[in-house]
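**Student:** mind folding the following:
(one chain, ligands or ions: 1)
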Amino acid sequence: DNGYKLWLGYHAVADKKLAAQYVQQLRYLKFTAGSPTLNAAREELLVGLEGMLSLKPQDIEKPNYSTLFVGVSSSLNLPKNTIAQSEIQQTGKEGYLIRSVTINNKKCIVITAQTDIGILHGVFGFLKLLQTQQAIGVLNILEYPRIMYRVLDHWDNLNRTVERGYAGSSIWNWHKLPGYIDQRYIDYARASASVGINGSVVNNVNANALMLTPEYLEKVKALANTFRPYGIKVYLSVKFSSPIDIGGLKTSDPLDPQVIQWWKDKADEIYRGIPDFGGFLVKANSEGQPGPQAYKRSHADGANMLADALAPHNGIVMWRAFVYDNNVPYDRAKQAYNEFKPLDGQFKSNVIVQVKNGPIDFQPREPFHPLFGAMPNTPLMIEFQLTQEYLGFSTNLVYEAPLFKECLESDTYAMGKGSTVANIITGKFNPKLITGMAGVANIGSDVNWCGHPFAQANWYAFGRLAWNPAQSSATIAADWVKMTFTNQPAFVAPMQSIMLQSRENTVNYMTPLGLHHIMGVNTHYGPGPWVDNAGRADWNATYYHKADSAGIGFNRSSTGSNAAAQYQPPVRDMFENLTTCPDEYLLWFHHVRWDHKMRSGKTLWDDMVHHYYMGADSVKQMQRTWDKMAGYVDKEQFQTVKQLMAVQYDEAISWRNSCVLYFQTFANRPIPAGYQMPAHPLSYYRNRKYLQAPGIGGNQ
Ligand code: BDP
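**Tutor:** Numbering: from 1, shown residues only. Okay, the predicted model is just below:
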């Protein structure tokens with residue numbers, strides 16, 4: 001098993017008794033397909049049943065037996081009132097209902113929906129029941145997405161490098177498109193659809209204007225045609241200066257009539273080829289990307305101009321709030337809020353502002369972004385990073401659902417208690433707004449898609465949480481383990497616990513207690529707390545940790561940059577006050593004395609050392625657990641994970657020793673007794689050459 005099949009391997013149900021029950025209940029099928037989506041759904045169902053149960057159900061017309069009915073409600077011809085229309089309506093445009101019913105005295109199962117896509121999702125939902133070995137005797141499942149736009153952002157370049165990609169090259173082979181459709185595109189769409197993802201931005205936010213030329217639009221059209229049966233729309237990242245770059249205009253001023261016309265024409269052209277094209281993603285005035293500010297126009301001016309071009313075709317603009325530039329006065333964490341909050345209410349209704357989960361940049365831990373809750377009249381789409389740019393690339397096992405959930409469950413207090421980020425981005429306080437969640441994809445050409453076998457769980461978890469952010473990290477982890485590997489409890493339980501712990505472990509050996517942005521310069525791989533000579537102040541680690549002989553941490557309280565004041569008063573006060581600020585965010589908000597007494601009773605220095613050692617030790621624990629799992633997983637997968645864990649351990653030790661030794665030069669205190677001393681002096685770690693990653697961006 002090389003991992004290619006992801007969580008759709010449909011392994012044989014090992015529990016013989018259960019398998020026999022399934023076969024009994026699923027021997028007869030009524031599923032009239034016809035449309036490409038229904039054909040795909042039917043095919044998936046048959047492949048799944050064949051794989052799990054060696055079952056080829058018999059197609060029947062009349063429900064004389066225990067039958068599985070699959071179809072949109074209007075086509076099922078079930079006896080009247082089997083399922084009330086009002087219930088089916090609850091499924092919306094993409095959801096589904098799975099229900100046990102009795103017809104002609106026979107126990108039957110119905111998978112129904114209002115749309116073909118709903119049926120496809122329903123089939124995946126049903127297969128998941130079997131994959132996770134649930135009883136299917138009494139079913140009553142209503143599922144529908146809580147978020148409208150559930151989108152993967154691929155940072156893929158036209159030359160097939162992937163910015164911050166660690167799983168090979170881009171899966172899009174632009175050279176062979178549009179003529180050649182790789183099976184991978186179809187499997188990508190299947191896997192994405194199986195967790196409810198409904199959009200794909202196929203190119204890098206640091207966009208190439210060539211993407212909008214007719215030649216490339218033909219290729220994009222081929223992808224759109226491939227994804228369409230799976231309910232996945234294609235979006236494009238666009239470069240704001242495209243009217244100049246490929247349109248021959250002298251300006252890209254969003255208020256210039258020729259520019260406005262150019263984008264209108266371009267949108268019309270795209271929709272002629274791709275009638276259900278999703279829209280544009282834009283990174284503007286950030287990290288050197290062109291944008292409306294060059295013409296003294298605002299983000300809203302830029303976004304609205306594009307939104308007007310897309311509106312007649314129902315397209316949307318995802319306008320990123322990840323902005324910072326050289327003029328940041330002192331604290332980069334404040335810039336997005338400062339630029340965007342004053343624009344609340346000024347965006348057209350088909351613009352959604354895409355905000356990273358935290359105010360800096362996908363760090364192992366950040367507080368939630370202060371823009372959540374601060375723009376009540378603007379749709380905000382949360383952006384998570386699945387690719388592990390700051391989490392050890394594809395060598396570290398880091399299950400990210402707990403990171404996503406931590407942010408989603410944070411209470412912004414914007415509308416009083418209970419104004420969690422999840423409630424804000426699902427439109428609870430303003431149901432008129434469009435809603436969205438984006439995940440920066442971790443997918444590449446590696447045979448197992450994501451580099452690390454466990455990184456597939458992050459793609460999976462992203463889809464599940466975008467569908468419904470209330471789901472728990474634990475459930476999602478267990479489902480993924482069962483679907484991907486095996487249902488055996490002796491494997492599932494330890495794997496689930498490894499996964500749930502993994503993110504905190506990584507925080508501990510990289511950036512405990514609110515430290516952030518202390519990784520290697522440019523590559524963002526490995527430790528670099530000493531980095532102080534990058535091209536710009538706010539690319540230096542020293543800018544963020546501010547270690548000195550007195551203490552360590554970035555003072556963002558009212559006596560410092562006052563970034564804490566960007567949060568609502570209850571949150572601000574919590575962060576502002578050293579005694580109420582959670583340990584997790586301590587050094588994010590405060591410059592703390594080395595001898596400060598922590599909640600643990602230890603001094604800050606001792607506590608920090610403890611976290612670094614705990615983090616590295618936890619990787620050792622993880623290795624021990626994995627070593628016991630050889631009997632449960634395929635040999636190739638076992639070896640892959642085993643080797644990667646060894647790399648991760650080496651990296652964790654490196655992080656630990658580098659940071660402890662480096663910060664010790666300021667703290668001037670010994671590593672407390674009982675901890676193993678680093679094997680080498682600081683100079684060794686400073687000189688260590690970490691992997692130079694291919695395909696990284698032009699920044700930092
Ligand atoms: C940073 C990456 C950079 C991206 C940027 C972004 O280092 O490569 O272009 O985010 O999100 O994390 O635009």
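
**Student:** and the nearest residue to residue 226 once chain neighbours are set aside, how many residues sit next to it?
**Tutor:** Closest residue to residue 226 apart from its sequence neighbours, by C-beta to C-beta, 6 or more residues apart in numbering: residue 185 at 4.8 Å. To be clear about C-beta, it is placed using only N, CA and C from the backbone, and glycine gets the same treatment. Using other C-beta atoms under 10 Å, the number of residues around residue 185 comes to 20.

**Student:** pLDDT wise, what is residue 185 at?
**Tutor:** pLDDT for residue 185: 98.

**Student:** neighbouring contacts of the helix or strand it falls within?
**Tutor:** Using DSSP states H and E, residue 185 sits in helix 183-194. Residues outside helix 183-194 that contact it (C-beta atoms under 8 Å, 6 or more residues apart in numbering): 4, 6-8, 40, 44, 120-121, 124, 128, 152, 171-172, 200, 223, 226-227, 229-232, 443, 445, 459, 463.

**Student:** what strands line up against the helix or strand that comes right after it, and which way round?
**Tutor:** Sequence-wise, the next helix or strand downstream of helix 183-194 (DSSP H and E) is strand 199-201. In the sheet, strand 199-201 lines up against strand 149-153 (parallel), strand 233-237 (parallel) (DSSP bridges).

**Student:** returning to that earlier point: alpha carbons of the helix holding residue 185, as PDB, please.
**Tutor:** C-alpha atoms of helix 183-194 as PDB (Å, rounded to 0.1, in the frame of the first residue of the first chain):
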ATOM      1  CA  GLN A 183      -6.500  10.000 -13.200                       C
ATOM      2  CA  ARG A 184      -5.100  11.900 -10.300                       C
ATOM      3  CA  TYR A 185      -7.400  14.900 -11.100                       C
ATOM      4  CA  ILE A 186     -10.400  12.600 -10.800                       C
ATOM      5  CA  ASP A 187      -9.200  11.000  -7.600                       C
ATOM      6  CA  TYR A 188      -8.400  14.400  -6.200                       C
ATOM      7  CA  ALA A 189     -12.000  15.400  -6.800                       C
ATOM      8  CA  ARG A 190     -13.400  12.200  -5.400                       C
ATOM      9  CA  ALA A 191     -11.400  12.600  -2.200                       C
ATOM     10  CA  SER A 192     -12.200  16.200  -1.800                       C
ATOM     11  CA  ALA A 193     -15.900  15.700  -2.500                       C
ATOM     12  CA  SER A 194     -15.900  12.800   0.000                       C
END
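
**Student:** in the stretch 301-450 of the chain, where is pLDDT below threshold?
**Tutor:** For the stretch 301-450 of the chain, the stretches with pLDDT under 70 are 328-329.

**Student:** quick check: closest non-adjacent residue to whatever residue of the stretch 401-550 of the chain ends up closest to the ligand.
**Tutor:** For the stretch 401-550 of the chain, the residue closest to the ligand is residue 524, as judged by C-beta to the nearest ligand atom, at 6.3 Å. Spatial nearest neighbour of residue 524, excluding adjacent residues (C-beta to C-beta, 6+ apart): residue 389 at 5.3 Å.

**Student:** how about the one you found, secondary structure?
**Tutor:** When classified by DSSP: H, G, I helix; E, B strand; the rest coil, residue 389 comes out as coil.

**Student:** any idea how far the residue of the stretch 401-550 of the chain closest to the ligand is from residue 387?
**Tutor:** Residue 524 sits 11 Å away from residue 387, taking C-beta to C-beta, to the nearest Å as the criterion.

**Student:** what is in contact with the two at once?
**Tutor:** What both residue 524 and residue 387 touch, as defined by C-beta under 8 Å, 6+ apart, is the set residue 164.

**Student:** please identify which of these two sits among more neighbours.
**Tutor:** residue 387 (29 against 24).

**Student:** could you double-check that that one lies in contact with residue 449?
**Tutor:** No: the criterion here is C-beta atoms under 8 Å, and residue 387 misses it with residue 449 at 11.7 Å.

**Student:** now the helix-or-strand element of the chain with minimal mean pLDDT: buried residues?
**Tutor:** Lowest by mean pLDDT, DSSP states H and E among the helices and strands of the chain is helix 73-76, with a mean of 87. Buried residues in helix 73-76, counting neighbours by 16 or more other C-beta atoms under 10 Å, are found at 73, 75, 76.

**Student:** could you do stretch 618-637 as well?
**Tutor:** Using 16+ other C-beta under 10 Å as the test for burial, stretch 618-637 gives 618, 619, 622, 626, 629, 632, 633, 637.

**Student:** so which of those residues would you say is closest to the ligand?
**Tutor:** Nearest member of these to the ligand, counting by C-beta to the nearest ligand atom, is residue 619, at 24.2 Å.

**Student:** for the closest one, phi and psi?
**Tutor:** Dihedral pair for residue 619: phi -70, psi -40, per degrees, to the nearest 10.

**Student:** how far off centre is stretch 256-274?
**Tutor:** Offset of stretch 256-274 from its chain centre (C-alpha atoms, centre = their mean, to the nearest Å): 30 Å.

**Student:** for this protein, which residues are neighbours of the ligand?
**Tutor:** Within the chain, the positions near the ligand by C-beta under 6 Å from any ligand atom are 163, 164, 205, 206, 283, 287, 322, 361, 362, 389, 697, 699.

**Student:** distance check, residue 212 against the ligand.
**Tutor:** 19 Å (C-beta to the nearest ligand atom, to the nearest Å).

**Student:** state the number of residues packed around that residue.
**Tutor:** The burial count for residue 212: 23, using other C-beta under 10 Å.
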